[in-house]
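[1] Predicted model follows, preceded by the sequence.
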Amino acid sequence: MRQAELHGARNYRPLPVVIARAEGVWMYDLAGRRYLDMLSAYSALNQGHRHPRILAALREQAERLTLASRAFHTDVYGAWCARVAALAGLPVVLPMNTGAEAVETALKAARRWAYDVKGVPPGQAEIIVCSGNFHGRTLGAISLSDEPDYRRGFEPLLTGVRIVPYGDAEALQRAITPATAAFLCEPIQGEAGVVVPPDGYLRQVRELCDRSRVLWIADEIQTGLGRTGRRFACDWEEVRPDLYVLGKALGGGVLPISCVVGGHEVMDVFEPGSHGSTFGGNPLACAVSLAALEVLEDEGLAARAAELGERALERLRRLRAPLVKQVRGRGLLLGVELHAAARPYCERLLELGVLCKETRETVIRLAPPLVIAPAELDWALDKVERVLAQ
Ligand SMILES: Cc1ncc(COP(=O)(O)O)c(CNc2cccc(C(=O)O)c2)c1O
């Protein structure tokens, strides 16, 4: 820890624990003490730590080819694109590495579509986003944010951004103009503290964007791939966006891989030389991602998250503790909002062997790997209740 304090940039405030090993839902510190992971690296570990099938795919592909660049075809890339397209029900996939890179890609696609297809005058395309959004830490992504801490000192930022209240379809309607390229939102806001929109909101968004010829971009980097109890959080209202932005668990908690998935009308705005990434679509990440997606499907992780999450939500909502302001969430993306700072309670949970993290000061996020056993989840919730009931 000393070296990290000496040489590592201070852009995080980690809990006082040094993780050295992990398997499934358990992480182990240097002394071999074990902790139940209730954060899943912010939902990048839906399949659990070091899933054997994902590690086997990593090893097998590493023995053959790790990187060639998109200057050449590779054998696993096409299979991966086809698998993701089938999963999303949209035909065209553009691979990147991090979530923020995929968000940037979606913004570029939306702006170019606005000019080339919708006919918005050059340089005037607008993107509408929601207050409380989190889409990453790049300059484009923080240009969308209304969180001063994410933006301060990084100006000048992108223009052509309008912010509307989250969950308010009428506000979205009022913000749409003929220059609007797209509306970008998280189907459930993660970093805002697990904020679930009113029932029907996503359906209203879909109808509004259709009527106004505005692209709907769903950032499912944190909510997608089974986390909320459905393949995508959009599935809760049986609607499909024009673009999905995926990341995190797409790489099975082993390698970073992200992507934008959409229809030809949008995705064909990219011609050779218009966008790219050195590692985007690399064979090693594609092989790992194929295994990660197989695990999600074969182990029924979305249904598991729905069932276990419903039980956890009911149990937490029965908790009678003055400290608790609200319990929110869907599937295994849960947030317990407190009337006080959450950090001390996360530190108490650490002492009891449960790892979670505060979000927006007063919210404890509970998001275990979707492979968690019912008894393990009950064990963790026992500790959460004990700490909050005091
Ligand atoms: C909804 C959403 N969109 C985009 C991103 C960015 O993904 P990348 O981090 O892979 O660029 C996220 C990321 N989610 C997330 C959650 C908590 C912390 C942090 C952090 O940057 O410290 C990021 C996210 O939750």
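    Received the coordinates, thanks.

[2] Can you pull the residues of the stretch 51-200 of the chain lying near the ligand?
    Neighbours of the ligand within the stretch 51-200 of the chain, by CB under 6 Å from any ligand atom: 98, 99, 100, 103, 134, 135, 136, 137, 186, 190, 191. The way it works is simple: take the backbone N, C-alpha and C, and place the C-beta from them, glycine included.

[3] go again using 8 Å as the cut-off
    Applying CB under 8 Å from any ligand atom, we find that the stretch 51-200 of the chain lies next to the ligand at 98-103, 133-138, 141, 186, 189-191.

[4] cool, and the stretch 251-390 of the chain?
    Checking the stretch 251-390 of the chain against the ligand by CB under 8 Å from any ligand atom, the hits are 256, 258, 359.

[5] related to what we said a few turns ago, buried ones among the residues of the stretch 51-200 of the chain next to the ligand?
    98-103, 133-136, 138, 141, 186, 189-191 (16 or more other CB atoms under 10 Å).

[6] Show me which pair in those residues is furthest apart.
    Spatially, the most separated pair among these is 101 and 189, at 20.4 Å (CB to CB).

[7] need the contact list for residue 175.
    128, 162, 164 (CB atoms under 8 Å, 6 or more residues apart in numbering).

[8] And it, how far from residue 103?
    With the distance defined as CB to CB, to the nearest Å, residue 175 ends up 19 Å from residue 103.

[9] and if you look at residue 342?
    26 Å.

[10] tell me the contacts of the closest residue to residue 225 other than its chain neighbours?
    Once flanking residues are discounted, residue 225 sits nearest to residue 249: 4.4 Å by CB to CB, 6 or more residues apart in numbering. Residue 249 makes contact with 43, 44, 45, 46, 47, 224, 225, 226, 227, 292, 296 under the criterion CB under 8 Å, 6+ apart.

[11] Likewise for residue 370?
    Shown in contact with residue 370 (CB under 8 Å, 6+ apart): 46, 47, 48, 226, 227, 296, 301, 302, 304, 305, 332.

[12] Pick out the most distant pair among those.
    48 and 302 (14.5 Å).

[13] Can you pull up the most central residue in this protein?
    residue 222 (1.6 Å; CA atoms, centre = their mean).

[14] What is the subsequent helix or strand relative to the helix-or-strand element of the chain with minimal mean pLDDT?
    Across the helices and strands of the chain, mean pLDDT, DSSP states H and E gives its lowest value to helix 2-7, namely a mean of 84. Counting by DSSP states H and E, the next helix or strand C-terminal to helix 2-7 is strand 19-23.

[15] Starting from that next one, tell me which strands it pairs with and how they run.
    Strand pairing for strand 19-23, determined by DSSP bridges: strand 26-29 (antiparallel).

[16] for the strand it pairs with, the distance to its chain's centre please.
    Computed by CA atoms, centre = their mean, to the nearest Å, the separation of strand 26-29 from the middle of its chain amounts to 23 Å.

[17] which outside residues touch it?
    Taking contacts as CB under 8 Å, 6+ apart, the residues outside strand 26-29 that touch it are 17, 18, 19, 20, 21, 22, 34, 35, 36, 37, 49, 355.

[18] cool, stretch 255-264 as well?
    Outside stretch 255-264, the residues touching it (CB under 8 Å, 6+ apart) are 58, 84-85, 88, 90-99, 101-102, 105-106, 109, 221, 242-248, 250-251, 267, 284-286, 288-289.

[19] Confirm the residue nearest to residue 225 sits in a helix?
    Yes - assigned with DSSP: H, G, I helix; E, B strand; the rest coil, residue 249 falls within a helix.

[20] What ranges does this structure have for its helices?
    Assigned by DSSP state H, the chain shows helices spanning 2-7, 40-43, 52-62, 75-88, 99-113, 139-142, 148-151, 169-175, 201-212, 264-267, 283-298, 301-317, 343-351, 374-389.
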